[in-house]
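Student: Generate a structure from the sequence data that follows.
(chains A and B)
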Amino acid sequence: MNPMGQALQIISIQHELSMNIGIGLKLDDMLNVFMERAQKRLSLSAIHMVWHINDSSLDDYKSLSFPKSNSRFDTKVIKAANALFQQATPSQTHSFEDDTHHYFFFVPNFGILICERLHQTIEDKVINALVSLMSKLATSCLACEQHQTLVDEISARKKVEEKLREQSLMDSLTQLSNRKMFNDNLKKAISNAIRSKRIGAIFYIDLDRFKVINDSLGHSFGDGVLKEIAKRFRKCTREGDTLARIGGDEFALLVVDLDNDRDIATSKAKRIAEKLSETISQPIHVGENELIVTISTGINLFPVREHAENCVDIQSQKLIKNADLAMYRIKHGNRNGFSFFSEDLQAFSDKRSKIEKYLRTAIQNEEFEVYYQPLVDETGDILGAEALIRWRSKELGWVSPAEFIPVAEECGLILSIGDWVAEEACRTLKILEKDIYKLTPKYLSINISPRQFVQPQFTENLLTTIDKYALDHKKLRIEITENVAIDNIDLTIAKMHQLNGEGIDFMLDDFGSGYSSLSYLQKLPLQTIKIDRSFIANINNCKDNQVITSSIVGICEHFSMECIVEGVENDKELAFLKEKNITAFQGYHFYKPMPANKFLSLFI
Amino acid sequence: MQNIFGVAKYIEHVTSTTLNDAISQLQTTHPSGFLILCCDNGLDDRTSLDQTLQTIAQPVFGGVFPNIIHQDTAYETGMLIIPMHAQLEVKVFEGLSECHENKFSIHFAMQDFSTVLMLVDGLARGIGNALNQVFQKFGQSLQVFGGGAGSLSFNQMPCLFTPKGIIKDAMLLVAIKQDVELAIGHGWEVLEGPFLANQVDDNQILQLNFEPAYQVYKDVIERHDARELDTENFFEIASSYPFGLERLDEKLLVRDPITVNDQALVCVGRVPENTMLYILKGHADSLIEAAASAIQEKTVSKDIQATLLFDCISRKLFLGDKFTQELHKIRHTLGENTPLFGALALGEIASGKAGGIDLHNKTAVAAIVMSSD
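Tutor: Numbers count the residues shown, from 1 in each chain, chains lettered A, B, ... in the order given. Below is the predicted model:
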């Protein structure tokens, strides 16, 4: 080839390789393009880029080769690359061994480019043309690295954000979805179900008496139980289902795509509910402890035709509310079971809504009235009386306390209702101080709900009310149930001691119907226990009730507490009970609850 | 030591029956596989051979070429079946035209092999990318040689013999235990140049020296040839004036311009952008001499076991009747008793001396198996 042709050839190689530098922002891709072109144009057997060279360790470097199969380096090659890199001046070196030429080019501030050729040397003028490309190659490599650093930082940040987002949708204890994610997925599932006409279901699951586990065995044990239950529930789910922990001991399962047919979907949902119950029926072991947990489950199928006109948001709220209602039906029954939301529950729900609506105006409309049911001693003399609220709604007529008290508890109206009852009882006690009343009762008792009791101002408000009527504090007693203690036993005990100190006595109502935890009896500063009416009915014929009642009476004797029985309805029951050490009797056999004026007339 | 190629069997009329019979006869030699070289001419019903190919117990590989070579004869019809007696592994890669980086997952137990026979559908696009992938995989550790199968009609048809039948648009890699010496020669000489291929698109040269490529080429050819070049006679005249890609190892890589697309020259094989191109001329004597002397260079004082030759069909078209002399000379160089098989291909493949794997045009590539004794 003539000199001009050769010069042109070198220029064309230099030009082409230069044009192939900096194509792309990913270092490997950019170098691959360049090295592939260089391998071909320079007739190389291989070409390598070595960077992040560490002076102190010959094994510590990064490299890229074309072809990839030639990526292994002889130590001598790395040593030579290292030596050139440490010189840090624009230069190149050459070595020849085993019929292979190695040409090392310094890539400023980055690394060393190694061109490998079998048998034949590369002419010096070509080498010189390549040296002048190295600055441009270095600039591109460094730009790619900086770009990669930026990309890595962004992707790391995105990862963290994604993790945070996931965490915001996860329950940290069980690693299940949380309520927010459950709600999001439910909305999507409703939309899909409407479109596909495939029926799905939500299962609202509440652990029965979980508070007792937490209180008696501690919260860390309770957490262990929740984790184990989550693990077992997870085994009952399919891909696409959402299992969530949506409250302390509340779980929810969203199952999609059950069937097109409502009956088949119902039967499938039933099987799932049975499976959920079965899966936790086996004893749970946490540490050295073993226990058996049961669940109450409310089920609601979707989409609901009646809600078709509603937006997905409203539908999802209704679905959850209705599943919750179905769960409460089980909860208020025998627990440990499941129930589908149904029309009658809807009617029940509607009634609750109405009750809530009219309760809000009941006090100002003077629709409440306090009735009193006397408690008598074994001779029939009145010892005291229990104040019982009655509601005659202008719209709904007489509404049973069993119906409106839970609603009032739920919506918070129990606070104002409770205050009103306390005030009325105090007013009645004040009236009884008048001279015309003889043989007045020792006390009136009022029922205090857990929600009332935990109010920070409860003690102060009650004492203010009693003092407003200048009453002896002993005249008003407080009836509480075990539920008051369950929420926070320490706070309960402290408040009770405070009120005891003010002369106010406590009666534990409905004993035997709830948890009947003997540890509560020991811890709570109680003066009286009222045995639940369920043990009194037909006690003369029922051995079991006799044993239970006798035992409770024995416990009261042991703790020096008064024992009261409620629900005494006939002579035979009374005859049996009279033989026990019982302080007072309450029931229709003696007196039914009566309006204040009638009650007052008993003492004239 | 046993020869890696057994005694070849030539079938003049190729049918499933004659193929079947030939294979049955060759089975008595207990081969490890069969290399099948077949002429395009007369192979009308290719699919009828599929069933026979699928029933052969040993790996089968080969291709359909414009001509096949046996000893010093180039056959225009018929089939050559060569039983193999070497450790080998056959892999088929389909969808060659869509070949992009990392398309094929190429895995061989490389420590067991020294050589790879590479056969491609010579009319498929993507051969350059496939060569790149093979080079990426093997580097310099394995010698690669082979050629492009296909028809001179330039209609893409099933042209590769594989264990699953005759297929098109594919690549066959056959790893062989034995070493080979590769001899590459073409004998083309510089007519004019260099020209800078400043604008190209894969196998199309759009501009030479910043002018429309066809016009530059036409001007040069018409200065040296009495005939006037036009699109009608382009293939006929251009077959005598290929391009040579200037490379640093000083061997010109030949590129065959076969047609004109608007002002672009369409070549067999990729032409890299910004390369220096020469327009070449050929003389029958220098072409014939080049192939033989390339072989001579590799075989001085060595005993040859056999040779597999991939010669370009366009050399035969250029040399015409003199092509027989090329084969005679090659055979004479190798030794009259040395088995010689091969094909006249659409593009020849060979590992370069200094590195890389090249697709050649108008070149003879001989893979020479030496006796190890």
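Student: What distance do you get for A:Gly247 to A:Asp324?
Tutor: 10 Å (CB to CB, to the nearest Å). No exception for glycine: its C-beta is placed from N, CA and C like everyone else's.
Student: no wait, A:Ser191
Tutor: Using CB to CB, one obtains 22 Å as the distance from A:Ser191 to A:Asp324.
Student: the more surrounded of those two?
Tutor: Comparing A:Ser191 with A:Asp324 by other CB atoms under 10 Å in any protein chain shown, the one with more neighbours is A:Asp324, at 20 against 14.
Student: residue contacts, B:Lys298?
Tutor: B:181-183, B:368 (CB atoms under 8 Å, 6 or more residues apart in numbering or on different chains).
Student: ok, A:Ile213 - contacts?
Tutor: A:221-222, A:225, A:291, A:293 are the contacts of A:Ile213 under CB under 8 Å, 6+ apart.
Student: so what pLDDT did whatever residue of chain B ends up closest to chain A get?
Tutor: Using CB to the nearest CB, the single residue of chain B nearest to chain A is B:Gly355, 3.1 Å away. We have a pLDDT of 77 for B:Gly355.
Student: Is it within a helix or a strand, and which one?
Tutor: Using DSSP states H and E, B:Gly355 falls within no helix or strand.
Student: How about it, nearest residue that isn't a chain neighbour?
Tutor: Nearest residue to B:Gly355 in three dimensions, chain neighbours excluded: A:Ser45, at 3.1 Å (CB to CB, 6 or more residues apart in numbering or on different chains).
Student: residues near the one you found, how many?
Tutor: A:Ser45 has 23 nearby residues by other CB under 10 Å.
Student: Quick check: neighbours shared by A:Gly247 and A:Asp324?
Tutor: Joint contacts of A:Gly247 and A:Asp324 (CB under 8 Å, 6+ apart) do not exist.
Student: Near chain A, which residues of the stretch 51-200 of chain B? Just list them.
Tutor: B:132, B:135-141, B:193-194, B:196 (CB under 8 Å from any CB of the partner chain).
Student: Tell me the most packed of the residues you listed, by neighbour count.
Tutor: That'd be B:Phe135 among these, by other CB under 10 Å, with 28 neighbours.
Student: helices or strands next to whichever helix or strand that one is part of in the packing?
Tutor: Secondary-structure element containing B:Phe135, defined by DSSP H and E: helix B:127-138. With contacts taken as 3 or more CB pairs under 8 Å, 6 or more residues apart in numbering or on different chains; DSSP states H and E, helix B:127-138 sits against strand B:115-121, strand B:143-149, strand B:357-360.
Student: residues touching B:Lys91, list them.
Tutor: By CB under 8 Å, 6+ apart, the neighbours of B:Lys91 are B:106, B:108, B:172-175.
Student: Next step: these restricted to strands.
Tutor: Mapping these onto strands (DSSP state E) picks out B:172-175.
Student: Output the below-cut-off pLDDT ranges for the stretch 251-373 of chain B.
Tutor: Residue ranges of the stretch 251-373 of chain B with pLDDT under 70: B:372-373.
Student: can you pull out the helices in it?
Tutor: B:284-299, B:313-319, B:323-334 (DSSP state H, counting those that start in this stretch).
Student: got these as JSON lines, with distance to A:Leu526 columns?
Tutor: Compiled in JSON lines, the helices of the stretch 251-373 of chain B are given as follows (distance: least, CB to CB, whole Å):
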{"stretch": "helix B:284-299", "distance to A:Leu526": "110"}
{"stretch": "helix B:313-319", "distance to A:Leu526": "110"}
{"stretch": "helix B:323-334", "distance to A:Leu526": "116"}
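Student: right, so of the ones you listed, which gets closest to A:Ile466?
Tutor: helix B:313-319 (117.5 Å; CB to CB).
Student: Residues in contact with the closest one: which ones?
Tutor: Counting by CB under 8 Å, 6+ apart, residues outside helix B:313-319 touching it are B:65-67, B:74, B:152, B:186, B:239-240, B:256, B:282, B:284, B:287-288, B:323, B:325-326, B:344-346, B:361-364.
Student: pLDDT (mean, whole number) over whichever helix or strand A:Ile13 is part of?
Tutor: Following DSSP H and E, one finds A:Ile13 within helix A:3-19. Regarding helix A:3-19, the rounded mean pLDDT is 86.
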